[in-house]
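Trainee: quick one, what's the 3D model for this:
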Amino acid sequence: MAAAILKDLAGDRVYVASAGARPGEPDPFAIAVMKEIGIDMSAHVPVSLAGVHDTSFDLIVALAPEARDKALELAEGYAVDVVYWPTPDPTLATGAREQVLDAYRAIRDGLFAEIKTRFGLSGVQGV
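Mentor: Here you go, the predicted model:
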């Protein structure tokens with residue numbers, strides 16, 4: 001969600017790529033809550049940091065401890081900053097569909113606010 005939000009807010013002003021600790025499958029809940037704010041993630045397929053061959057990044061933002069550790073390994077020896085934004089894992093949410101969606105919305109909205117603040121995108125419309 002974070003990469004999709006930054007891409008939406010910054011457009012082509014920055015290069016954004018998404019990778020995690022492990023590859024995965026598209027997350028229908030993430031897709032649904034992003035669609036609510038007009039961002040289409042339906043074509044996104046999660047890939048792992050291990051599969052990233054382009055190491056020309058200036059910044060890697062990790063959202064989970066495992067991703068942070070892998071990002072630090074990847075960045076070793078390169079001039080790249082790694083920052084860690086501790087973010088709860090919405091896939092662990094339980095309950096009815098609406099409760100799970102609320103957990104995803106909370107993460108989405110928190111990431112949206114953090115991205116706007118950290119990247120100076122406060123004038124951009126959104127959540």
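
Trainee: what residues does the lowest-mean-pLDDT helix or strand in the chain touch?
Mentor: Ranked by mean pLDDT, DSSP states H and E, the weakest helix or strand in the chain is helix 65-75, scoring a mean of 91. With C-beta atoms under 8 Å, 6 or more residues apart in numbering as the test, helix 65-75 has contacts from 20-22, 48-50, 52, 55, 60, 62, 81-82, 84, 86. Quick note: C-beta positions are derived from backbone N, CA and C, even for glycine.

Trainee: switch these over to a markdown table; also include neighbour count and secondary structure.
Mentor: As requested, the contacts of helix 65-75 are exported to a markdown table (neighbours: other C-beta atoms under 10 Å; DSSP: H, G, I helix; E, B strand; the rest coil):
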| residue | neighbour count | secondary structure |
| --- | --- | --- |
| G20 | 18 | strand |
| A21 | 19 | coil |
| R22 | 13 | coil |
| S48 | 14 | strand |
| L49 | 20 | helix |
| A50 | 13 | helix |
| V52 | 16 | coil |
| T55 | 12 | coil |
| I60 | 23 | strand |
| A62 | 23 | strand |
| D81 | 12 | strand |
| V82 | 20 | strand |
| Y84 | 16 | strand |
| P86 | 9 | coil |
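
Trainee: quick one on the thing from earlier: quick check, distance from the least confident helix or strand of the chain to the centre of its chain.
Mentor: 15 Å (C-alpha atoms, centre = their mean, to the nearest Å).
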